[in-house]
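Visitor: next input, structure requested:
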Amino acid sequence: MGLFRKIAVKFMNDDRLRVEKRNDDAIPEFLHFNMKRHMPIVDIPLARGYLIFPSVQSFDKFRHSGDKENIDSLDANGMGIPLFQIKRELLAPGLTMVETELTYKIYKYEIKQRTEVPPYGDFEIIAENQNFKVYKYLYGKVYKSSKMTQSALQFVINNDVENSYFMLHRREFRDMDTCINNYNFRWHVRYSPMENDHYKLALLNPKEVSLMDSPSVKSMKKKKNITKIDPYVLVFGHYTSENEDLLPGVASNIGITNVPDLTQKFACQALVLHVVERQKEKERDRKQRRRGIMMSSQMGFPSRY
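Guide: Numbers count the residues shown, from 1 in each chain. Model prediction:
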């Protein structure tokens, strides 16, 4: 973030990052939250990947503690341990844009007592002390497919294809639609020089047309929506590069233990958004460098005719 943007953000309304915690009957019960989580996403140098932590406090312990100190202080809450790591897969040569391709792999970190059964399948032991072991294993795969008008990201968790979930977006827009527990949600971003990578996670109004809807449902909604409606019922999450990502939670634990399943799903989606935004940022930087090289090669110098 440039200096101008850093200064400008400070004068913005703090309400932009508000997470709505409503427990009324108009909100489905699985969206009744009692806290919000600030979940930092950090770069892993030279590894083509990013880590997301369950809380700012957990990340602070991770970066301020030495390796030995972190290992010796491992406890059941899993403070100082990342929740997920995402790695981008390199596309196989020769694929066209209409094929489905494994695009990202998401790894999960889990802490268990030494006497407990380890995770099922292949895993790596990241750290251990006299009481606990920290495991890392492949948690999910994200597949991308593209059509002429839209792209789809399919999240397959623990090889459970039948219960996979999707994020869809139209090529000309950046908003991402998703459906969790049979409710439609949208990661909405509006173009602004100040908030160009600020996505708001919102529960959609049941009358709002979603990319997740079947053609018949879309047609029915369009016929009924004669007047303009408010597309969002409530905003309960954010992805932004300003400080941390804000996602809902329902527990007081701020380590990796007992992070709600819903929070984990949206955290995985936020990780994908982060990779997409960083790819765009790197591409913009490359274009600016190329323009700078071209300009320098076209500079004129005095000469004698």
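
Visitor: per-residue pLDDT, Y107?
Guide: Y107 is assigned a pLDDT of 97 by the prediction.

Visitor: show me what it bridges to in the sheet.
Guide: Note on Y107: beta-bridge partners Q85, L138, judged by DSSP bridges.

Visitor: check contacts around it.
Guide: F84, Q85, I86, K87, K136, Y137, L138, Y139 (Cβ atoms under 8 Å, 6 or more residues apart in numbering). C-beta coordinates here come from the backbone N, C-alpha and C atoms, glycine included.

Visitor: doesn't I111 belong to a helix?
Guide: No - I111 is assigned strand when assessed by DSSP: H, G, I helix; E, B strand; the rest coil, not a helix.

Visitor: surely it meets V259?
Guide: No - contact status for I111 versus V259: not in contact, 11.8 Å apart, counting by Cβ atoms under 8 Å.

Visitor: which regions of the stretch 151-300 of the chain sit below the pLDDT cut-off?
Guide: The stretch 151-300 of the chain contains residues with pLDDT under 70 at 192-196, 226-227, 242-253, 290-300.

Visitor: the strands in it, which residues?
Guide: With strands called from DSSP state E, counting those that start in this stretch, the stretch 151-300 of the chain shows them at 165-170, 176-180, 183-189, 199-204, 232-239, 245-249.

Visitor: to Q288, which of the ones you listed lies closest?
Guide: Nearest to Q288 among these is strand 183-189 (21.8 Å), distances taken as Cβ to Cβ.

Visitor: excluding covalently adjacent residues, which one is nearest to F59?
Guide: Nearest in space to F59, with sequence neighbours left out and distances taken as Cβ to Cβ, 6 or more residues apart in numbering, is F53 at 4.0 Å.

Visitor: please name the residues that touch that neighbour.
Guide: M39, P40, I41, V42, F59, F62, P82, L83.

Visitor: of these, which belong to helices?
Guide: F59, F62 (DSSP state H).

Visitor: which one is the most centrally placed residue in the chain nearest to, not counting chain neighbours?
Guide: In the chain, the residue lying closest to the centroid (Cα atoms, centre = their mean) is A270, at 0.9 Å. Nearest residue to A270 in three dimensions, chain neighbours excluded: Y239, at 4.8 Å (Cβ to Cβ, 6+ apart).

Visitor: neighbours around the one you found, how many?
Guide: 27 (other Cβ atoms under 10 Å).

Visitor: identify the bridge partners of it.
Guide: Here Y239, judged by DSSP bridges, has bridge partners Y199.

Visitor: give the contact list for it.
Guide: By Cβ under 8 Å, 6+ apart, Y239 lies in contact with W187, D197, H198, Y199, L201, D245, A270, L273, H274.

Visitor: one more time with 10 Å
Guide: 39, 41, 176, 187, 189, 197-201, 245-247, 266-267, 269-274, 277 (Cβ atoms under 10 Å, 6 or more residues apart in numbering).

Visitor: got it, and L90?
Guide: Going by Cβ under 10 Å, 6+ apart, L90 touches R48, L102, T103.

Visitor: out of these, name the ones that lie in strands.
Guide: Judged by DSSP state E, the contacts of L90 include L102, T103 as members of strands.

Visitor: separate out the buried members of the contacts of L90.
Guide: T103 (16 or more other Cβ atoms under 10 Å).

Visitor: from the contacts of L90, which is closest to G78?
Guide: For the contacts of L90, the nearest to G78 is R48 (24.8 Å; Cβ to Cβ).

Visitor: surely the closest one and K87 touch.
Guide: Yes - R48 is within contact range of K87, at 5.8 Å (criterion: Cβ atoms under 10 Å).

Visitor: which neighbours do those two have in common?
Guide: Counting by Cβ under 10 Å, 6+ apart, the residues touching both R48 and K87 are V275.

Visitor: give me the common contacts of I111 and V259.
Guide: Common neighbours of I111 and V259 (Cβ under 10 Å, 6+ apart) are G78.

Visitor: follow-up on the earlier one: wait, isn't the residue nearest to the centre of the chain in contact with M39?
Guide: Yes - here A270 lies in contact with M39, judged by Cβ under 10 Å, at a distance of 7.3 Å.

Visitor: so can I have JSON lines of the strands of the stretch 151-300 of the chain showing distance to K222?
Guide: As requested, those are arranged in JSON lines below (distance: least, Cβ to Cβ, whole Å):
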{"stretch": "strand 165-170", "distance to K222": "16"}
{"stretch": "strand 176-180", "distance to K222": "16"}
{"stretch": "strand 183-189", "distance to K222": "15"}
{"stretch": "strand 199-204", "distance to K222": "15"}
{"stretch": "strand 232-239", "distance to K222": "18"}
{"stretch": "strand 245-249", "distance to K222": "31"}
